[in-house]
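**Q** okay, sequence plus prediction incoming.
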Amino acid sequence: MHWRIASNVGWMLLDRCAQVIAGIGIVAILARTLGTDGFAAFQYAQSLVLIGASVALVCGGEVVVPRLVAVADAVAQHRLLAHVFRLRLLASCCGYLLICCFLAVSAHAHDSWQPALILGIAILLREPSGVVIAWTQAHTRTRPTVLISLVSLALKAGAVIMLAAAGIHAVGAYATAFVLEPLLAAILLAAFYRGHMPRHAVAFDRQLARQLFRDGSLFWISFMMMMAARRVDQLILRPHVPSAEFASYAAAMQIVDNYTTLATILASGIAPLYVYSRDAAVGIRNVLKLAIFSTVVGAAGAAVLVLLAPWIVHLLYGAAFAEAGSLLRLTALASPLIFADVGFTVLAVYLRRPAWIAVKWGLALLATVAVDLALIPRYGALGAILGYTAGNVLAMLTGLWMWRQARKPRGTIASEADVSSG
């Protein structure tokens, strides 16, 4: 059993690493092929789509997987997954509609409407088909879905490379290449599921759907606020700066975003053994150790990014993005905050406190928007970096405060009760 768990974690880490490496290469190709104007339009559209996609994250794996584990019967599992699929499909349609509404009322997104509408199609594909991933996770069989993910990623990467080799500079063409990944993944996941589970139609149960929606609402709200906090800076920045400055900022953030993914990889690999499998007192204490260790790793990597920023930017994006070097240095200095925050987030997951995550990201979002609105009109990309830093500082401090609350005798007793009841 332990070998099977380790194997599943290993496959998940392989998928994450492949996504990061391919993401860096694909973004570098986009920057060199599209230039600053085209890259700015693509990145703005992608930021808008990522915020819209968060609407589709209703009834996530943290709600579905435990329910699937508790239900051994395949027919009952199929009934549950059918309802989750319907909820996610409806939420995905709402997310895509939200993008359309924003584009309709926005006066500065004229060059991004086409890639945004194309990239938005992924919302309708990724999360509804993700119920199959939750099903494999419940059965500790992540290998098939990781292989599907890797094959789909290879298709996207291959399509982007072919477009660049053909000398195509249309932003919409590359947006279409990005949609190929979730399209192929959805087809393969559906085929895999149909080969192993019942195929009969499931009658809609309003009470079950309402319960699933209610149980996952706090996580859903948290994810939406998290994605908004991560991407709202680009939506606010775009109308206040030239395309070249926006493209440089987006390029710097893309590097840092890929780098900080390492924090999630570390937490995914360490937390199951050193936090989730321990009793409350030890688990809570180990959360602080994990946060400190992650912060040290993040600071070490940030130091490398600061020292090599101009060289990294020139290698990946070319001379046209030289301004991104100084922006990357400033953003990298704030990246250890994310490593610390991810470490403390493990505590909320361990204690099953989604309200903590919602409060944290609500505060971070408010701080980011307030600083961005105050500083971006005057300082441009520098103001966006300050807003990014302010949001992450508040998220990290909120996580530290929650850890201190969990360490109190009353909080520890309540936490033990939560863990034992779960």
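**A** Yep, it's here.
**Q** mind listing what's buried along stretch 139-148?
**A** 142, 144, 145, 146, 148 (16 or more other Cβ atoms under 10 Å). To be clear about C-beta, it is placed using only N, CA and C from the backbone, and glycine gets the same treatment.
**Q** go on, stretch 305-324?
**A** Buried, per 16+ other Cβ under 10 Å, within stretch 305-324: 305, 309, 312, 313, 316, 317, 320, 321, 323, 324.
**Q** now do stretch 355-365
**A** Residues 356, 357, 358, 359, 360, 361, 362, 363, 364, 365 are the ones in stretch 355-365 that count as buried (16+ other Cβ under 10 Å).
**Q** repeat that for stretch 16-25.
**A** Neighbour count says stretch 16-25 has 16, 18, 20, 22, 23 buried, by 16+ other Cβ under 10 Å.
**Q** pLDDT check: weakest of the residues you listed?
**A** Note: of the buried residues of stretch 16-25, the lowest pLDDT belongs to residue 16, at 81.
**Q** which SSE is the closest residue to that residue other than its chain neighbours in?
**A** Excluding its sequence neighbours, the residue lying closest to residue 16 (Cβ to Cβ, 6 or more residues apart in numbering) is residue 265, at 5.1 Å. Under the criterion of DSSP states H and E, residue 265 resides in helix 243-271.
**Q** which neighbouring elements make contact with that helix?
**A** Packing partners of helix 243-271 (3 or more Cβ pairs under 8 Å, 6 or more residues apart in numbering; DSSP states H and E): helix 2-53, helix 217-237, helix 280-317, helix 324-350, helix 381-407.
**Q** closest one to residue 196 among the ones you listed?
**A** Proximity to residue 196, assessed across the helices and strands packed on helix 243-271 by Cβ to Cβ, is greatest for helix 2-53 (16.9 Å).
**Q** pull the distance from the closest one to the chain's centre.
**A** Here helix 2-53 is found 10 Å from its chain centre; the criterion is Cα atoms, centre = their mean, to the nearest Å.
**Q** same for it, what does it pack against?
**A** The helices and strands touching helix 2-53, judged by 3+ Cβ pairs under 8 Å, 6+ apart, are helix 74-105, helix 113-119, helix 121-138, helix 142-165, helix 171-194, helix 217-237, helix 243-271, helix 280-317.
**Q** next, residue 202: phi, psi?
**A** When quoted as degrees, to the nearest 10, the phi and psi of residue 202 stand at phi -120, psi 130.
**Q** again with residue 58
**A** Dihedral angles of residue 58 (phi, psi; degrees, to the nearest 10) stand at phi -70, psi 140.
**Q** send me stretch 376-389 as CSV with only the CA atoms.
**A** Extracted C-alpha coordinates of stretch 376-389, given in CSV (Å, rounded to 0.1, in the frame of the first residue of the first chain):
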residue,chain,number,x,y,z
ILE,A,376,-0.3,51.3,-10.7
PRO,A,377,-1.6,54.6,-12.2
ARG,A,378,1.5,56.3,-10.9
TYR,A,379,4.3,53.7,-11.0
GLY,A,380,3.1,51.2,-13.6
ALA,A,381,4.6,47.8,-13.4
LEU,A,382,6.5,48.6,-10.2
GLY,A,383,3.1,49.4,-8.6
ALA,A,384,1.8,46.0,-9.7
ILE,A,385,4.9,44.3,-8.1
LEU,A,386,4.2,46.1,-4.9
GLY,A,387,0.5,45.0,-5.0
TYR,A,388,1.7,41.4,-5.7
THR,A,389,4.1,41.6,-2.7
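**Q** got the buried residues for it?
**A** Here stretch 376-389 shows 376, 380, 381, 382, 383, 384, 385, 386, 387, 388, 389 as buried, counting by 16+ other Cβ under 10 Å.
**Q** what about the residue lying closest to residue 24 once chain neighbours are set aside, how many residues nearby?
**A** Excluding the flanking residues, the one nearest residue 24 by Cβ to Cβ, 6+ apart is residue 258, at 5.4 Å. A count of neighbours around residue 258, defined by other Cβ atoms under 10 Å, yields 16.
**Q** now residue 158
**A** 12.
**Q** cool, residue 180 as well?
**A** A total of 16 residues lie near residue 180 under the criterion other Cβ under 10 Å.
**Q** again, but for residue 176
**A** Applying other Cβ under 10 Å, we find 17 residues neighbouring residue 176.
**Q** OK, contacts around it?
**A** Applying Cβ atoms under 8 Å, 6 or more residues apart in numbering to residue 176 gives the contacts 118, 159.
**Q** what does the pLDDT read for it?
**A** 96.
**Q** one more: residue 2?
**A** Per-residue confidence (pLDDT) for residue 2: 56.
**Q** can you check the one 3 residues further on too?
**A** pLDDT, residue 5: 58.
**Q** break the protein into its domains for me.
**A** Annotated domains of the chain cover 1-215, 242-422 [automatic domain parsing].
**Q** to residue 223, which of those lies closest?
**A** Here domain 1-215 is closest among the domains of the chain (Cβ to Cβ), at 4.4 Å.
**Q** is residue 278 in a helix, a strand, or coil?
**A** Here residue 278 is recorded as coil under DSSP: H, G, I helix; E, B strand; the rest coil.
**Q** go ahead and confirm it touches residue 286.
**A** Yes - counting by Cβ atoms under 8 Å, residue 278 touches residue 286, with 6.3 Å between them.
**Q** who has more neighbours, the two?
**A** Set residue 278 next to residue 286 and count neighbours by other Cβ under 10 Å: residue 286 wins out with 22 against 16.
**Q** distance-wise, check the more buried one relative to residue 38.
**A** Using Cβ to Cβ, to the nearest Å, residue 286 is found at 47 Å from residue 38.
**Q** go on, residue 113?
**A** For residue 113, the distance to residue 38 equals 14 Å [Cβ to Cβ].
**Q** which residue sits closest to the residue nearest in space to the middle of the chain, ignoring its sequence neighbours?
**A** In the chain, the residue lying closest to the centroid (Cα atoms, centre = their mean) is residue 227, at 7.1 Å. Nearest non-adjacent residue to residue 227, counting by Cβ to Cβ, 6+ apart: residue 54, 3.8 Å away.
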